[in-house]
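[1] all I have is the shape, not the residue letters:
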């Protein structure tokens, strides 16, 4: 354990007590240690060999070497695994594993220092997950770190809503897994009118690394223009509106990026609205013509019956 940064600085007695809570496990080349979406059931420290980390959305993400650890975020945040970790293809993997049932005792033995190390690891992973978001690409490391502190993991079941059309801003979110539909019950058309849909229409779909919830954040007293609902079970990073507003006040660059994104989304939706309005008008015209034709036929049937 002395090779792992996580255990450096602890006394022999402390390390020995931690070891009592760990078990040694071996994995062959390519064997899956933890699978994305599974319940978090343990914490792992690599002793020898290498491991590969991958997600369904992004594919291979990074590698882990002796002294690295993984699995603590799922236990600390009480959420399913966000990635699959497998033994490297070039050789086996030996790990020390702490079961979820013993993780609380493990944390108590490590005290504040171990918790601080875990907090730093979580912040680093958050920043790593946020880095591919296009609207965050221009931010420096310090601002990206501040942004990472705002977010937490949130599971969204199929049909679950992250924000509701017409409501105040709920927050900012980044899709990690699954799809989030932006739906609208009606869309505005020229002349101040609106096209009402029989059922909420999907105007856009957000995928991995897409950002949502920003349209109502960047403008004062704005309301949510869409309902954001999960098309399937999804995992997102979520930042509450009040925390996101606080960062926007401190970081003009981020506000500018979100304003640009909001304008681009509005233009894209306007194009879809124009199509929807045209379809609606064509449908209304066709419906009117059909109703007139039916009326003519009914009149002709009545005349023939009279004759």
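    Right, received. Where do you want to start? Since this is a predicted model, take the numbers as computed values, not measurements.
[2] now do the helices in the stretch 201-307 of the chain.
    241-250, 252-306 (DSSP state H, counting those that start in this stretch).
[3] which parts of the shortest one are buried?
    Across helix 241-250, burial judged by 16 or more other C-beta atoms under 10 Å covers 241, 244, 245, 247, 248. (C-beta placed from N, C-alpha, C; glycine too.)
[4] so what's the third one up against?
    It refers to residue 245. residue 217 (C-beta atoms under 8 Å, 6 or more residues apart in numbering).
[5] change it to 10 Å
    For residue 245, the contacting residues are 169, 171, 172, 217, 218, 239, 255, by C-beta atoms under 10 Å, 6 or more residues apart in numbering.
[6] for those, work out which two are farthest apart.
    Farthest pair in the contacts of residue 245 (C-beta to C-beta) is 171 and 255. Separation: 15.8 Å.
[7] among the two, which residue is more densely surrounded?
    Taking residue 171 and residue 255 together and counting by other C-beta atoms under 10 Å, residue 171 has the greater number of neighbours (23 against 17).
[8] in this structure the more buried one contacts residue 211, no?
    No - because the distance of 11.5 Å does not satisfy C-beta atoms under 10 Å, residue 171 is recorded as not touching residue 211.
[9] poorly predicted segments of the stretch 151-300 of the chain, please.
    The model of the stretch 151-300 of the chain has pLDDT under 70 over residues 186-200, 220-221, 269-285.
[10] same thing but at 50, please
    Applying pLDDT under 50 to the predicted model, the residue ranges of the stretch 151-300 of the chain that meet it are 189-191.
[11] helices of the stretch 51-200 of the chain, start to end?
    72-77, 100-130, 141-148.
[12] who wins for proximity to residue 205 among those?
    Evaluated over these, closeness to residue 205 peaks at helix 100-130, with 19.9 Å, by C-beta to C-beta.
[13] between that closest one and helix 141-148, how big is the angle?
    Orientation of helix 100-130 against helix 141-148 (axes from the mean of the first three to the mean of the last three C-alpha atoms, to 10 degrees) gives an angle of 130 degrees.
[14] could you pull up the mean pLDDT of helix 100-130?
    Model confidence over helix 100-130, given as mean pLDDT, is 86.
[15] pull out the buried residues from that helix.
    By neighbour count, and taking 16+ other C-beta under 10 Å as the criterion, the buried residues in helix 100-130 are 102-103, 106-107, 109-110, 114, 117-118, 121-122, 125-127, 129-130.
[16] try stretch 161-176
    Within stretch 161-176, the residues scored as buried using 16+ other C-beta under 10 Å are 162, 163, 165, 169, 170, 171, 172, 173, 174, 175, 176.
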